[in-house]
Each structure stands twice: as structure tokens, then as C-alpha cells.
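Asker: okay, sequence plus prediction incoming.
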Amino acid sequence: MSKERSDKAVDRKLVRRLYFFIKPYRWHVVLAIVLTLSASFLGTIRPKLTQMAIDDHISKGDFDGLLRIIILLFGALLGEFILLMSNTYLTRWFGQGTLYSLRNAVFEKIRTLHVQFFDKNPIGRLITRSTSDVEALSELLSDGVVAIIGDMFRIIFILYFMFSMSWELSLVTIAVLPFLFYATFWFKEKVRVSFLKVRDQVSNLNSFVQEHINGMDVVQLFNREKKQRDKFKEINQGHKDAHIETIFYFSIFWPLVEVFASFAMALIVWYGGGRALMGGVTFGVLLAFIQYSRQFFGPIRGLSEKFNTLQSALASSERIFNVLDTENEVKETSEPKKIRSAKGKIEFEHVWFRYNENEDWILKDVSFAAEPGENIAIVGATGAGKTTIINLLLRFYDIQKGTIKLDGVDIMDLSLKDLRHYFSLVLQDNALFTGTIFENITLGEPSISRDKVIEAAHQVEANRFIERLPDSYDFELKKQGTSLSMGQRQLICFVRAMVFDPKILILDEATSSIDSETEALVNKASEKMMKGRTSIVIAHRLATIQHADTILVMHKGEIREKGSHQELLKQEKGLYKKLYELQYKDQVVSG
């Protein structure tokens, strides 16, 4: 299959898929087409009325007949205005409705995709997909499709009236069309590639800006402003060059269309004027053809503009559907099981995991169990696989070999919603959103009352700073809660974990980024939260996990040691004892 045929097949597929989002408004589209066809007919009948006025009434001195034609011309103008105004409002209305549905679909897809997808795709690129790529479809969906049909029928109406008056002048007028069609096909091939480049460069630009705004403190701290400025200039230059490439093709194509239109007009004046002098055509016909010549190339220019819109929209829709077609690697079971009475028992049985097929195993034959209410701590060097255990337990990723069970049920047999309902997770990087403190704690869950939030805040002692803030629990947080200290943001995350009242609590380095005073508060709150719950704590500070029922010591994806704090310290050459001595080498180690 040739590249051109392949591109056409892709385009047809994209158009069919876009129709799915337009389908709820299909009758509005039909009405819009009727309105635009009616407006097109009224627009093309005016030169014919002009010909009739000159040949049938002015030349014969028929004032009454001329008045009727003038009234018809005025009616055609007024009708065209009303139809175009109604059509414009209608097409914009259903176009925005279609964009609304498409934008929702993109966000919903992104929301449900597996975590590994976000590891491979920069945030800025995903923002581009759900905003500017969708917006690039606006003109096509709001006006483009209907306008293309209107322009095509306007050309048909013009040709009908022209051939009905003089087939010779009609052939002279359209003699330039083969050259125009060739130019259009050349333009199509070049512009399609250019628009794909433009959309890629927009995505690169958004990704770079988003990443560097988020990391601006690091950029400034290490005095990398000039280096990052140079990188931005390079990316921005690529964006500029991609746009200039499209401008270059338009700068050739548009003048060509104008030259062909002017040449067609010159042919009409030359041939039609000669025929008129010889009596072959009337002066009214000649004037009508001059008007039709202007009208004829108008829709062709319009179709070229809409083709520009279509190419941009198809380039964007191809990228949007690539996201919508992304297969979720974490799949839901078709017949999920239910845990009737959850207790919080966790079992890892010979679990093997790696992120990609060609990479080394991250976890190797990991087996352990956490009984209901037991406090399990996981320690080990960076990259040992500690956080990976949490990601697998919550099914952010799926294992390649082995079994993970919750209360005796394989987690693969549970729906993701049911599985994650049993957990609360507090991470080192606190996740807060724009909104009030209350909204950040409840995450919009209607069953969580304000009294419950206040009670949880008192337990964690987060109330001490929350109630001093303006508007207290209704204090508006800015982007990622930057108006609060790191410790305060982390305390809000602890309150959130408490109000959801989980069966299993997971703390992943939850106290590593807060000060000692706040850590003392959090540790005190953690003890309360862990009572009656299964808990898994990942920590580098061994002081925070000394009272754990069981400590798992991980090394290079394997569990090397297992036991309580005291038991592990008794192992003379144990990894845990080495870690402990490294942390407390300047202190007296007491058994």
C-alpha cells in the first residue's frame, strides 16, 4: 500500500472515530447542513437575478419588473444573513458540546491509566493532549465540516447557474481548475507533514515549561538559568521552524489561488467581452459571469482554509486517539470477587517483578505475610525494592510471577476500586490540590463529615496549625499547598489517611521530609492510627520502626532478613545491624 493510500485510510479512520463524539448532535448537524445549503443557494442566486434584471428589465425599460428583482435581491441578502447567523450559532454550540465530550474522554482515560504510563509520558505532553490538542479540533467540529459541505454545494450551485446561461463561458472559467487541483494536492502533502511537526513541537514546549516551572527552585539553586534558557531557546526554535515551514507552503499556495482566480477573470473578460460585442452573449450574462467568477474561487479558497483546519485537526486527533487507544496494562477482572468481612491480612507468595521485559528483576521470589493488626516495617538501601512492594500491593503495577493475596483472595480477582478501598497511603511527596483544606482531606467524599475531619485533625494534632489559619478548615490552598510548610502539608495527608478509616495503613517514608518536632507528633499519631489496623511502614530512619512487630530487610530485590528489632540486632553480620550501626555510630548503641 502506498504512503498516500495509507494516509487516506488513517484519515478516514480518524473521521469515523470523531463521528462517535459528534453522533449525539447528529440532528443538529443535519439542521446546520440544511441552513448552510440554503444560505449557499441564496448567495449564488444573486448574480442570476442581476442577469435577469439587466437582460429582461433594464434593457427593456421595465421598471416594475426591475423593482420585483430588487425586492428579490434584498430578500436573498436578508435570508442569507439570517441563515448564516443561525448556522454560525448552531455549529458553535454543538461543536463545543463535542469538544466537552472529547475532553472528558481524554481526561477519563488518563485518570484510569496504569502508573507506568505516567513514568514514560511527561506531564506536559499529557496536558497538551487534553487541552491544546483538543482545542485544535474546535474550528473543525464547530464550523469546518458543515462549512466544507456548504462550500462544495456553493460551487455546484455556481456551476449550475453558469452552465444554464452559457456553457462556453463556463468552460473558459473552469479552464484553470486542473492547475489549481494540482497545486492543492501538492499543498496537501506538504502541509500534513508540517502540521504533525507543529503539534510535536507544541508538546515538547509544554513538557519543558511544565517540568522547569515545577523545578524552578532547583534550577535557581544550582545557577542553571542560562543553561535552561539555552535549552528553551533550542526547543522554541524548533517550534518556530515548524510553524515557518507551514507558513512557507501557505505563502506559495494562497498567491497561486489568487493568480488562478485573476487569470480566470481575465479569460472571461477577454472571451466573454468578444462574444458580447459579436452578440453571442448578453451584457447581463457577462456581468453575471464576472460575479460568479469571484464567487467561484471564494469557496475554493474556503475549502483550502478548511483543508488547513482539517489537517491540523487530524494531526491533533491522531495524537488524542493514541492516548485513548493506550491499553491499560493493569486490567480489571471480568468477574470480581468480594471480601465479605475484611480483616487486613496480606500475603506475598514467591513474587517476581520487573518494569520491562528486557530489564533485571526488581523483586526476586519475595514471600512474607502480615497478619491482621500486625505492624510490618520494610528497610533497605535505595533501589532495594521497598516502594515496589507497595506499588504491587495496590496494583499500580502487576506482577509477572507469584501471588499477592488480601484476606486469602488473590488481588487480581478483586476490582481495583474494592482493593484500594481497604488502604490509606501516606507518601514522602505529599499530594495536595488547589482547594480548601477540608476538600483536600475528604477528596470530595460526601460521607465524611466536618466533625470527623476535625476529630482526626485533633488526633494528629494538625488542628494546632489549621485552626490558626484564616478560615481554618476552609483555608484555600494554592498549587500543591505551597502556602504551607512541608510538615504542615504532611500532617494534612495524615488527617486524610485517618478519616478514610482504612483496614490497612501504608506509610512510605512519610516522616522523612519533616522536622523533628513534627515527626514526634506524626509518630504519636501513627501509633494511634496503627492500633487495630494492619500497617506497612517503609523508613530509612530506623528509630521510627523499632517497635514494629516484624521488620523485613531488603537487599537487591530480595528479603535477606526478617524479625523484630531485637532479633535482628542479635545477628552479628546482619544487614540490619550494619544499617543500625551506621545511623547510630556516634551514639551508644543499647541492645
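Answerer: Received it, and whenever you're ready, just let me know what you need.

Asker: would you map the strands across this protein?
Answerer: Chain-ordered strands for the chain, with DSSP state E as the definition, fall at 346-353, 363-370, 375-380, 401-406, 409-410, 423-427, 435-436, 476-477, 504-508, 534-538, 550-555, 558-563.

Asker: for the fifth one, give me every contacting residue.
Answerer: Yep, that's strand 409-410 we're talking about. Here strand 409-410 makes contact (Cβ atoms under 8 Å, 6 or more residues apart in numbering) with Lys337, Ile339, Thr403, Ile404. From N, CA and C alone the C-beta is placed, and that goes for glycine too.

Asker: can you report how many residues neighbour Leu72?
Answerer: 15 (other Cβ atoms under 10 Å).

Asker: hang on, the earlier thing: can I get the strands of the chain in JSON lines including distance to Ser447?
Answerer: What follows is the strands of the chain, written out as JSON lines (distance: least, Cβ to Cβ, whole Å):
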{"stretch": "strand 346-353", "distance to Ser447": "26"}
{"stretch": "strand 363-370", "distance to Ser447": "27"}
{"stretch": "strand 375-380", "distance to Ser447": "28"}
{"stretch": "strand 401-406", "distance to Ser447": "22"}
{"stretch": "strand 409-410", "distance to Ser447": "25"}
{"stretch": "strand 423-427", "distance to Ser447": "15"}
{"stretch": "strand 435-436", "distance to Ser447": "18"}
{"stretch": "strand 476-477", "distance to Ser447": "22"}
{"stretch": "strand 504-508", "distance to Ser447": "19"}
{"stretch": "strand 534-538", "distance to Ser447": "22"}
{"stretch": "strand 550-555", "distance to Ser447": "33"}
{"stretch": "strand 558-563", "distance to Ser447": "38"}
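
Asker: out of these, flag the one nearest Ile82.
Answerer: Proximity to Ile82 (Cβ to Cβ) singles out strand 435-436 among the strands of the chain, at 45.9 Å.

Asker: that closest one pairs with which strands?
Answerer: Here strand 435-436 is paired, per DSSP bridges, with strand 476-477 (antiparallel).

Asker: and which of the contacts of strand 409-410 is nearest Val172?
Answerer: Lys337 (78.1 Å).

Asker: was I right about that closest one contacting Gly408?
Answerer: No: Lys337 is beyond contact range of Gly408, at 10.3 Å (criterion: Cβ atoms under 8 Å).

Asker: okay, those two: which has more neighbours?
Answerer: Lys337 (14 against 9).

Asker: what's the closest non-adjacent residue to the more buried one?
Answerer: Counting by Cβ to Cβ, 6 or more residues apart in numbering, Asp413 is the residue found nearest to Lys337 once chain neighbours are left out, at 4.6 Å.

Asker: just Ala539 next, same as before
Answerer: Nearest-residue entry for Ala539: Ile545, 5.0 Å, with adjacent residues in sequence omitted and distances by Cβ to Cβ, 6+ apart.

Asker: burial count for that neighbour?
Answerer: Residues lying near Ile545 (other Cβ under 10 Å) number 19.

Asker: pLDDT at it, what is it?
Answerer: Looking at Ile545, its pLDDT reads 79.

Asker: just checking, it touches Val537?
Answerer: Yes: Ile545 is within contact range of Val537, at 5.5 Å (criterion: Cβ under 8 Å).

Asker: counting by contacts, list what the lengthiest helix in the chain packs against.
Answerer: Of all segments of type helix in the chain, defined using DSSP state H, the longest is helix 63-112. With contacts taken as 3 or more Cβ pairs under 8 Å, 6 or more residues apart in numbering; DSSP states H and E, helix 63-112 sits against helix 3-22, helix 26-52, helix 123-130, helix 132-135, helix 138-139, helix 145-165, helix 283-324.
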